[in-house]
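> Below are the sequence and a predicted model for it; my questions follow.
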Amino acid sequence: MLNFLLIASLLTQGVTDSFIDLTQVSQNREVKNSLTRLSPMAIRLRMQSLPDWTTDGERLFYTRTFTDFVEAIDFVNTLVEPAEQLGHHPDITISYNRVSVELTTHDAQGITALDFQLATKISQL
Ligand SMILES: C[C@H](O)[C@H](O)[C@H]1CNC2=NC(N)=NC(=O)C2=N1
């Protein structure tokens, strides 16, 4: 009886471990997918959900104009939270009351799902 319980617990542990591994694998795959360059077709399709953004195929572009420099800087400060949350950071140009945001995934040398995730969040700010 004791042997049976011992074998049963080892088998259960083995099964549990493999489930944990599978979870890890799918999470790793999710992270990897978010860092995989998107095809031109995928980018074109996704751009339909970002009407206030444009793209040259390598970067996503967004510009917003404010009343003055102070408002422009206030907006730039609101970019910090979504960027830090995603671990993904925009290139930002400030020209008096105009803020230009560019997104690309430097690690993938192109546009990935992460760029679209952050662009969507920025459009909602
Ligand atoms: C280690 C760190 O997560 C990486 O360097 C992140 C940081 N923020 C980033 N931001 C952008 N836009 N592209 C990246 O490849 C990138 N990589």
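Perfect, thanks for sending it.

> and the chain, which residues reach the ligand?
Within the chain, the positions lying close to the ligand (Cβ under 6 Å from any ligand atom) are 87-89, 105-107. (Glycine included, C-beta is placed from N, CA and C.)

> which among those residues end up buried?
Those of the residues of the chain next to the ligand that meet the buried threshold are 88, 105, by 16 or more other Cβ atoms under 10 Å.

> Please tabulate the residues of the chain next to the ligand in a markdown table, including the columns secondary structure, pLDDT and distance to V99.
Shown next, in a markdown table, are those (DSSP: H, G, I helix; E, B strand; the rest coil; pLDDT from 0 to 100; distance: Cβ to Cβ, whole Å):
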| residue | secondary structure | pLDDT | distance to V99 |
| --- | --- | --- | --- |
| G87 | coil | 97 | 21 |
| H88 | coil | 98 | 18 |
| H89 | coil | 98 | 15 |
| T105 | strand | 98 | 21 |
| H106 | helix | 96 | 20 |
| D107 | helix | 95 | 24 |
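
> Closest one to L38 out of the residues of the chain next to the ligand, please.
Using Cβ to Cβ, T105 comes nearest to L38 of these, at 9.4 Å.

> Can you tell me the closest non-neighbouring residue to the closest one?
Nearest residue to T105 in three dimensions, chain neighbours excluded: T112, at 4.2 Å (Cβ to Cβ, 6 or more residues apart in numbering).

> my guess is the one you found meets H106, correct?
No - contact between T112 and H106 fails when scored by Cβ atoms under 8 Å: they sit 10.2 Å apart.

> check contacts around the most centrally placed residue in the chain.
Centroid-nearest residue in the chain, with Cα atoms, centre = their mean: L114, separated by 2.5 Å. Counting by Cβ atoms under 8 Å, 6 or more residues apart in numbering, L114 touches 34-35, 86, 88, 105.
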